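Visitor: using only what follows, build the 3D model:
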Amino acid sequence: MSTQIHANNRKTKNINIYQLFAIAIIVVFGSISIVLGIDPTYLSALIIWLFSMLYVFLDLRRRSLYLMFLISYFVFLLGGHFCYEYFGMEIKYYFGEEFYFHSNLCLLESLVFVFGGHVFSEHIRIKSRLNSYRIFYQSENSRANGKVNTIRRLSYILFIATFPFWIYTIMDKISFVLSNTYYAYYVEYESSAPFAVKAVAAMTPYFFYLFLATLPSKKECRIPMFLYFAYAVISLFTGRRSNFMIMILFLVMYFVFRHFKDDGEKWVKKSYVIGLLIGVPVISIVLQITQYLRVSESFAGVSVKELFLGFFQQQGFSSSILRLEKYYESSLSDDTYYSFFGIVKYFRTNSIIKFIFNPQYDFSYLHNSVDFAIKGNSLSNALSYKVLWSYLSGSGVGTCYIAELFHDFGYIGVAIGSIIYGYVMQKINRIWNSCHNNIWIVAVGFAMVEAFIKAPRWNYDIFVAYFLDLGMWMAFGSILILKLLCRK
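Guide: Model (predicted):
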C-alpha cells in the first residue's frame, strides 16, 4: 500500500515538474514574441491556445476531443496569422489595423470561452434519463457481453459490405474532377450514383463508428481501420484535403481514447508518437503540394520550408473570414442568421420531412448561384459572391463559426456560442470515459468528432446538423433491427 502511495506521489511530482517546465517555455516564448513586436492581441490568443494545450495534456483522457478541436483551430485560424506575424508571409484581406485587430480579438475571445465552457462542464454533473436505456459495457470483460458482441459483429459485417458503395460515391466525384476541374465541382457536379447507392454509402462511416464503440481488439480493428484510412487517401484525389485531415485526426483520437480505456492492450506506443511527430511535417508538405496540383500550378523551385509554412498560411485563410464579415457587415442581411445554416438546410432539404411539410425556397443548395448567395443563409456563399469574381465558376472563401456568431449576435454571441462548444465537447468526452457507457451514445459522439474538427472553417451549428444526419440514424436503426432479429 505504501509503495503504491509512494509511486503516486512520485508521478504527481513528475507531472508538476513537467507542468512548470511547460509554463516556463510558454513564458519565454511570450517574452521573445513581445521583443519581436508580435501583435499583442494575436499573441494573447496564441498564449491562451498554448495554455489550453497544456490543460489538455494534463488530463488527456478527459480532453481528447478538445485536443482535436485545438489542433484544427490552429491549422484553420491561428496558423495564417502565425505565418504573417513570425515569418512575414502574406495575409489575405488585411483591410487595415482595425479589421486585423477585430479578427484577433474574435480568435482570443472564442478560445477563452471555449476553455471556460469546457472547465465549467468538467465541474458540474447533470443526471441523465438515459440510464434505463443503456447497454452497459462490463469494463475489461465487455467482449464477453453477448449484446456487445452481436453489435460488434453486425456493424463489422455491414461496414465491410457497404464499403464498396462508399468508395463508388467518392470515385464518382474523383472522375468528375479529373474530367473537368476542381472548381467546376462546386457549380456543375451532380452525382451519377443511383439514390439507393448514395443512401447505403451514407450509412457506411456510421457502421464504422458503431463498430469502434464496442471496443474491439486491435486485431479486430485492422481491416476496418485500413479501409477507413484507404478512403481518406483516395479522397485526396477530389482535391479536397479537409476530409483526409479530419479522418486522420479521428484515428489519432481513437487511439488516444483506447489507450486510456486500459483494456489490456497498449494502443499508444513511443514509436507511434515518434512516427506521428515525423509524419506531421511530411503530411503538411504533401497536402500543400496537393494544393498546387488541384489548381494546375507548378511547385518547381518551391523550397521545403515554403511548402511547410505555405500549408499553414493557406489553410489558415479561415481567419480572413472574420475580417471579410466585418468589412462587408453593412451589406449583409441583418435578418439572416448564418449560424443556423445547417439546421435550416436540413429542414428544407430532408426527404422525409418533405412528406410532412414542404418549405418553399426559390434557389438550389447544390451549386454556387446568385440566388443562393442572396436569398440563402450561407455566409460562405454571401461573402464569396461579394469578394470573388469567379464565385459562379466554383470558387469560394468558406466560412467560420466565429464570423457567423459575430454577424448574428455580436461579441456576446461569440462568447455564448463558444461556451456551448466547450461544454458539449467535454460532455462527449465524459460519456466516452463513463464507467457504464452506452454503445449507441458513444458512437454518436464519434460521429460528432468530425463536426468539431471542421467547426473552425464551417458553420456554427455543424454539430447539430451531424446529430440530425439521416445516414447515422438509418445505420443505427438497421443494426438495432438486425440485433433484435438475431435474438429470435
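Visitor: how far does stretch 239-247 sit from its chain's centre?
Guide: 10 Å (CA atoms, centre = their mean, to the nearest Å).
Visitor: can you list contacts of that stretch?
Guide: 75, 177, 182, 185, 228-229, 231-233, 235-236, 287, 290-291, 294, 450, 453-454, 457 (CB atoms under 8 Å, 6 or more residues apart in numbering). In short, each C-beta sits where N, CA and C put it, glycine included.
Visitor: quick one: contacts for residue 364?
Guide: Contact analysis of residue 364 by CB under 8 Å, 6+ apart lists 371-372.
Visitor: gap between the closest residue to residue 206 other than its chain neighbours and residue 200?
Guide: Excluding its sequence neighbours, the residue lying closest to residue 206 (CB to CB, 6 or more residues apart in numbering) is residue 475, at 3.7 Å. Separation of residue 475 from residue 200 (CB to CB, to the nearest Å) stands at 10 Å.
Visitor: quick check: what element follows the helix or strand bottoming out on mean pLDDT in the chain along the chain?
Guide: Every helix and strand of the chain was ranked by mean pLDDT, DSSP states H and E. The lowest is helix 353-356, at a mean of 70. Next along the chain after helix 353-356, taking DSSP states H and E as the criterion, comes helix 370-375.
Visitor: what packs against the helix or strand following that following helix?
Guide: The helix or strand immediately downstream of helix 370-375 is helix 379-387, counting by DSSP H and E. Counting contacts by 3 or more CB pairs under 8 Å, 6 or more residues apart in numbering; DSSP states H and E, helix 379-387 packs against helix 320-327, helix 370-375, helix 401-432.
Visitor: verify the contact between residue 302 and residue 308 for me.
Guide: No. Counting by CB atoms under 8 Å, residue 302 sits too far from residue 308 to count as a contact (10.3 Å).
Visitor: what are the contacting residues of the least confident helix or strand of the chain?
Guide: By CB under 8 Å, 6+ apart, the residues outside helix 353-356 that reach it are 346-347.
Visitor: tell me how far that helix is from the chain's mean position?
Guide: Chain-centre distance of helix 353-356: 30 Å, with CA atoms, centre = their mean.
Visitor: and if you look at stretch 244-259?
Guide: Here the centre of stretch 244-259 is set off from its chain's centre by 11 Å, with CA atoms, centre = their mean.
Visitor: give me the buried positions along it.
Guide: Under the neighbour-count criterion of 16 or more other CB atoms under 10 Å, stretch 244-259 has 244-250, 252-259 buried.
Visitor: equivalent analysis for stretch 116-124, please.
Guide: The neighbour-count check on stretch 116-124 (16+ other CB under 10 Å) flags 117-118, 121-122 as buried.
Visitor: how about the least confident helix or strand of the chain: buried residues?
Guide: Across helix 353-356, burial judged by 16+ other CB under 10 Å covers no residue at all.
Visitor: hmm, back to that, return the member of the buried residues of stretch 244-259 nearest to residue 335.
Guide: For those, the minimum distance to residue 335 (CB to CB) is 32.9 Å, reached by residue 246.
Visitor: would the closest one count as being in a strand?
Guide: No. The assignment for residue 246, made by DSSP: H, G, I helix; E, B strand; the rest coil, is helix rather than a strand.
Visitor: what stretches of the stretch 51-200 of the chain score poorly on pLDDT?
Guide: Filtered on pLDDT under 70, the stretch 51-200 of the chain yields the residue ranges 125-145.
Visitor: okay, helices next: where are they in it?
Guide: 60-73, 79-87, 97-122, 146-179, 185-188, 195-213 (DSSP state H, counting those that start in this stretch).
Visitor: what residues does stretch 422-436 touch?
Guide: Contacting residues not belonging to stretch 422-436 are listed as 61-66, 69, 113-122, 134, 136-137, 139, 257, 260, 437-438, 441-442, 445, 448, 452, 463 [CB under 8 Å, 6+ apart].
Visitor: filter those down to the buried ones.
Guide: 62-66, 69, 113-115, 117-118, 121-122, 136-137, 257, 260, 437-438, 441-442, 445, 448, 452, 463.
Visitor: would you agree residue 46 is in contact with residue 78?
Guide: Yes. Applying CB under 8 Å, one finds residue 46 in contact with residue 78, separated by 6.3 Å.
Visitor: neighbour count: residue 475 and residue 200, which is higher?
Guide: Set residue 475 next to residue 200 and count neighbours by other CB atoms under 10 Å: residue 475 wins out with 27 against 23.
Visitor: the more buried one is in contact with residue 207, isn't it?
Guide: Yes. Taking contacts as CB under 8 Å, residue 475 lies within contact range of residue 207: 5.5 Å.
Visitor: distance of residue 259 from residue 433?
Guide: The spacing between residue 259 and residue 433, counted by CB to CB, is 12 Å.
Visitor: what separates residue 161 from residue 172, distance-wise?
Guide: To residue 172, residue 161 is 19 Å away according to CB to CB.
Visitor: and these two? which has more neighbours close in?
Guide: Taking neighbours as other CB under 10 Å, residue 161 and residue 172 compare with residue 172 leading, 18 against 12.
Visitor: any idea how far that one is from residue 192?
Guide: For residue 172, the distance to residue 192 - CB to CB - is 6 Å.
Visitor: could you do residue 83 as well?
Guide: To residue 192, residue 83 is 40 Å away according to CB to CB.
Visitor: the more surrounded of those two?
Guide: Legend: neighbour count by other CB under 10 Å for residue 83 and residue 192, higher for residue 83 (20 against 12).
Visitor: the more buried one contacts residue 314, correct?
Guide: No. If you go by CB under 8 Å, residue 83 and residue 314 don't touch, sitting 9.3 Å apart.
Visitor: identify the residues contacting residue 275.
Guide: Shown in contact with residue 275 (CB under 8 Å, 6+ apart): no residues.
Visitor: is it in a helix, a strand, or coil?
Guide: At residue 275 the chain is in helix, as set by three-state DSSP.
Visitor: if I look at it, how far off is residue 239?
Guide: 27 Å.
Visitor: residue 107: what's it in contact with?
Guide: 42, 45, 77-78, 81, 319, 322, 402.
Visitor: same thing with residue 405?
Guide: Per CB under 8 Å, 6+ apart, neighbours of residue 405: 339, 413-414, 417-418, 460.
Visitor: in those residues, find the pair that's most separated.
Guide: Top of the distance list for the contacts of residue 405 (CB to CB): 339 and 418, 11.8 Å.
Visitor: any common contacting residues for residue 475 and residue 207?
Guide: Counting by CB under 8 Å, 6+ apart, the contacts common to residue 475 and residue 207 are residue 158.
Visitor: quick one: residue 399 and residue 235, what's the gap?
Guide: In this view, residue 399 and residue 235 are 21 Å apart by CB to CB.
Visitor: same deal with residue 443?
Guide: Between residue 443 and residue 235 the computed distance is 22 Å (CB to CB).
Visitor: go on, residue 282?
Guide: For residue 282, the distance to residue 235 equals 18 Å [CB to CB].
Visitor: do residue 328 as well
Guide: In terms of CB to CB, residue 328 sits 32 Å off from residue 235.
Visitor: the two - which one has more neighbours?
Guide: More crowded of residue 328 and residue 235, by other CB under 10 Å: residue 235, with 19 against 15.
Visitor: what kind of secondary structure is that one in?
Guide: Strictly by three-state DSSP, residue 235 counts as helix.
Visitor: surely it is in contact with residue 170?
Guide: Yes. Applying CB under 8 Å as the test, residue 235 and residue 170 come out as touching, 5.8 Å apart.
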